[in-house]
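Trainee: turn this into a structure:
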Amino acid sequence: MKRNPLIIVVVAVVVALMLFIGIHTARRSGPGSAAASLDIKGHAAPEFALQSLDNKTVHLSDFRGKAVLLNFWATWCSPCKIEMPWFVELQQQYGPQGLQVIGIAMDDASKEDIAKFAKDLGVNYPILLGKESVGEAYGGVQFLPTTFFIDRDGKVLEREFGLKSRSIFEDNIKKALGRGQPVQAQK
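Mentor: Residues are numbered from 1 along each chain as shown. Okay, the predicted model is just below:
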C-alpha cells in the first residue's frame, strides 16, 4: 500500500503541535495548579507589585477608584496582537472617564523585546512584567490572552479567555466604569 507523503507530514505536524502545547501547558500549570480552578469573579482583585518597562514598581492598588482592564498577554500570542490595538483605542476613548488598561506580559522574552513589541503596536498603557504567582492569584492564567475587568472598588466583574469581540470588551468596560465610586478630584 502506497502512503501519501503529504498526509504523513500533516500528521507529524499535528502531533508535534499537540506535544508542544501539552508540554507548555504542563510547564505553566505545574504543581499547585489547584489555583487554576479558582474563580475570583465577584471578589476583590488580588493585589500585586510588578515591575513596569520603565523600572517602576506598580501595584494594582495604585489604580483604586478607576475601572481596570487587566490583560495577561505574550509577544508570541497571535490573538494578543489583534486585541492590543483595540486596547489602545479603548484607553484613549474611556481613559478620561476613569478606565485604566494594564498589560501584564507573561512572556519569556527579554524586557527589551517586550518594550519593542509594545512600542511597535503603539501601546499607550502600562506594560508590566508578569510573574507566575500573579497569574495563579488570578485563578491561573492558562490561556493567553486572558482579560479581567475590575470595577472602581477593586472587584473582579468579568474574566474573558482568548480573543473576544471588541464589543464584548467595550460592554465589560462600561459595566466596570458604572460600578463603584469615581475618584473625587482633589482641590
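Trainee: can you give the domain ranges for the protein?
Mentor: Domain assignment for the chain, taken from automatic domain parsing, gives 1-29, 37-178.
Trainee: so which of those is the most packed in?
Mentor: For these, average neighbour numbers computed from mean count of other C-beta atoms under 10 Å are highest in domain 37-178, which has a mean of 17. C-beta: built from backbone N, CA, C; applies to glycine.
Trainee: looking at the domains of the chain, which has the lowest confidence?
Mentor: With a mean of 60, domain 1-29 has the lowest mean pLDDT of the domains of the chain.
Trainee: residues contacting stretch 112-120, please?
Mentor: Stretch 112-120 has contacts (C-beta atoms under 8 Å, 6 or more residues apart in numbering) with 53, 75, 84, 103, 105, 107, 109, 127, 129.
Trainee: 6 Å instead, please
Mentor: With C-beta atoms under 6 Å, 6 or more residues apart in numbering as the test, stretch 112-120 has contacts from 53, 75, 105, 107, 127.
Trainee: could I get those residues as TSV with distance to Phe169 and secondary structure?
Mentor: Shown next, in TSV, are these (distance: C-beta to C-beta, whole Å; DSSP: H, G, I helix; E, B strand; the rest coil):
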residue	distance to Phe169	secondary structure
Leu53	23	coil
Thr75	20	coil
Ala105	19	strand
Asp107	21	coil
Ile127	18	strand
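Trainee: could you export those residues as TSV, including distance to Phe161?
Mentor: Shown next, in TSV, are the contacts of stretch 112-120 (distance: C-beta to C-beta, whole Å):
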residue	distance to Phe161
Leu53	25
Thr75	19
Ala105	17
Asp107	18
Ile127	20
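Trainee: now do the strands in this structure.
Mentor: 49-51, 57-59, 67-73, 99-105, 127-129, 146-150, 156-161 (DSSP state E).
Trainee: tell me what the fifth one is packed against?
Mentor: With contacts defined as 3 or more C-beta pairs under 6 Å, 6 or more residues apart in numbering; DSSP states H and E, the secondary structure elements packing on strand 127-129 are strand 99-105.
Trainee: partner strands of the strand it packs on, parallel or antiparallel?
Mentor: strand 67-73 (parallel), strand 127-129 (parallel) (DSSP bridges).
Trainee: appreciated, that's everything.
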